[in-house]
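K.L.:
kindly generate the corresponding structure for this input.
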Amino acid sequence: MGKHSDIYNNFYLISKRLFDIVASLIALLVTLPITLIVSICIYLDDRGPIFYTQKRIGKNGESFKIYKFRSMYKDADDRKEQLTSQNEINGAMFKMSNDPRVTRVGGFIRRHSIDELPQFLNVLIGNMTIVGPRPPLPEEVDQYNEYDKKRLEVRPGCTGLWQVSGRNALDFDKMVELDIYYIQRASLSLDIKICLKTVWIMISPNEAY
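P.N.:
Predicted coordinates:
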């Protein structure tokens, strides 16, 4: 039983990486027109940078730089401390439904998850995967208990069970529960199911902000 399980796990991991490479290359090419339009809109909105990079924590606690379209004003990180008391999610995560740091264009691209498109570069590089737990911030991981840290046993993903199950309507504990459920039951069929749900959510957004 153990050997069969190991063979399947190895097949799954190899297939997952191949899928990541092919899917991210196709996605970067197909979404190129969207990238150009969004880039122009972001720049015209407040004449700021198009892209935003941020330190995140990946598999086994290793840090990496994540790529996103900038959806907030340039001084957003400096203003975060002033807003911590208005956090709407319990646990080691910060979310506000009407975050004043979000630009006009940013609000739209966040609702439709367009701001996440540059993360296909992270997938191609190999520090992220298409489907997996979302990569947390270092200060969030500092608040993790041992159970929460199980989220870091696999490569973080662009989408996952949390995103297709309610997203910001769910609290931190529920997110961790969904991530660990995914890690324990990860399979090609589950990945495909999550990807299909993600496409639908991009068209008809759920609780994203």
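K.L.:
could you pull up phi and psi at Glu146?
P.N.:
The phi and psi torsions at Glu146 (degrees, to the nearest 10) take the values phi -60, psi -30.
K.L.:
now do it against Ala92, distance only.
P.N.:
Glu146 sits 13 Å away from Ala92, going by CB to CB, to the nearest Å. In short, each C-beta sits where N, CA and C put it, glycine included.
K.L.:
quick one, which of these two is more surrounded?
P.N.:
Ala92 (19 against 6; other CB atoms under 10 Å).
K.L.:
who touches the more buried one in this structure?
P.N.:
Pro136, Glu140, Val141, Asp142, Gln143, Tyr144, Asp148, Phe172 (CB atoms under 8 Å, 6 or more residues apart in numbering).
K.L.:
out of those, which sit inside helices?
P.N.:
Glu140, Val141, Phe172 (DSSP state H).
K.L.:
give me the mean pLDDT for the helix or strand where Ser24 lies.
P.N.:
Secondary structure assignment for Ser24, by DSSP states H and E: helix 2-30. Predicted confidence along helix 2-30 averages 85 (mean pLDDT).
K.L.:
quick one, the helix or strand that that helix is followed by and helix 2-30 angle?
P.N.:
Scanning forward in sequence from helix 2-30 by DSSP H and E, the next helix or strand is helix 32-46. Between helix 32-46 and helix 2-30, the angle comes out at 60 degrees (axes from the mean of the first three to the mean of the last three CA atoms, to 10 degrees).
K.L.:
which residues does helix 32-46 contact?
P.N.:
For helix 32-46, using CB under 8 Å, 6+ apart, the contacting residues are 48, 50, 69-70, 73-74, 103-106, 109, 114, 117-118.
K.L.:
could you export it as CSV, CA atoms only?
P.N.:
Presented in CSV, the C-alpha positions along helix 32-46 are these (Å, rounded to 0.1, in the frame of the first residue of the first chain):
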residue,chain,number,x,y,z
LEU,A,32,-1.1,39.6,-22.6
PRO,A,33,-3.9,42.0,-24.0
ILE,A,34,-5.4,42.2,-20.5
THR,A,35,-2.0,42.9,-19.0
LEU,A,36,-1.5,45.8,-21.5
ILE,A,37,-4.9,47.3,-20.8
VAL,A,38,-4.6,46.9,-17.0
SER,A,39,-1.1,48.4,-17.0
ILE,A,40,-2.3,51.5,-18.9
CYS,A,41,-5.3,51.9,-16.5
ILE,A,42,-3.1,51.5,-13.4
TYR,A,43,-0.7,54.1,-14.6
LEU,A,44,-3.3,56.6,-15.7
ASP,A,45,-5.1,56.2,-12.4
ASP,A,46,-2.4,57.7,-10.2
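K.L.:
tell me the strands in this structure, going along the chain?
P.N.:
Secondary structure of the chain by DSSP state E: the strands cover 51-57, 63-69, 129-131, 157-159.
K.L.:
output the contacting helices and strands for the third one.
P.N.:
The helices and strands touching strand 129-131, judged by 3 or more CB pairs under 8 Å, 6 or more residues apart in numbering; DSSP states H and E, are helix 2-30, strand 157-159, helix 188-203.
K.L.:
cutoff 6 Å now
P.N.:
helix 2-30, strand 157-159 (3 or more CB pairs under 6 Å, 6 or more residues apart in numbering; DSSP states H and E).
K.L.:
I'd like to know which of those is closest to Val123.
P.N.:
Proximity to Val123 (CB to CB) singles out helix 2-30 among those, at 4.1 Å.
K.L.:
okay then, goodbye and thanks.
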